[in-house]
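In: coordinates only, sequence not included:
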């Protein structure tokens, strides 16, 4: 059985989300997306990233309904 990692690299987070590295780092710095350091590597919390994407997707959809 394959397991889904709890954390992913910045590159994996960019590929998964379609967000740029600089945007991800800004969201990490302002604590919108959770991350941790493992040695020199910065790892993104997968659940935090997915929640961020879902919240922003829902906000966009609601905005389109009210303004579209």
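Out: Arrived safely, thanks for sending. Computed from a predicted model, the values in this text were never measured in an experiment.
In: show me where this structure has strands.
Out: Using DSSP state E, the strands assigned to the chain run over residues 7-9, 35-38, 41-45.
In: So what touches the shortest one?
Out: Pointing back at strand 7-9 there. Contact partners of strand 7-9, identified using CB atoms under 8 Å, 6 or more residues apart in numbering, comprise 16, 35-36, 38, 41-46, 49. Glycine gets a C-beta too; all of them are placed from N, C-alpha and C.
In: re the thing from before, can you list the strands of the chain in CSV and add mean neighbour count and mean pLDDT?
Out: Formatted as CSV, the entries for the strands of the chain read as follows, by neighbours: other CB atoms under 10 Å; pLDDT from 0 to 100:
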stretch, mean neighbour count, mean pLDDT
strand 7-9, 17, 97
strand 35-38, 12, 97
strand 41-45, 18, 97
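In: Looking at those strands, which is nearest to residue 20?
Out: Closest to residue 20 of the strands of the chain, according to CB to CB: strand 41-45, at 13.4 Å.
In: hmm, who's touching the closest one?
Out: Applying CB under 8 Å, 6+ apart, the set of residues contacting strand 41-45 from outside is 6-10, 12-13, 24, 28, 33-37.
In: which neighbours does it have in its sheet, and in what orientation?
Out: Partner strands and pairing direction for strand 41-45 (DSSP bridges) are strand 7-9 (antiparallel), strand 35-38 (antiparallel).
In: Out of those strands, the one nearest residue 55 is which?
Out: Evaluated with CB to CB, those place strand 35-38 nearest to residue 55, the distance being 17.0 Å.
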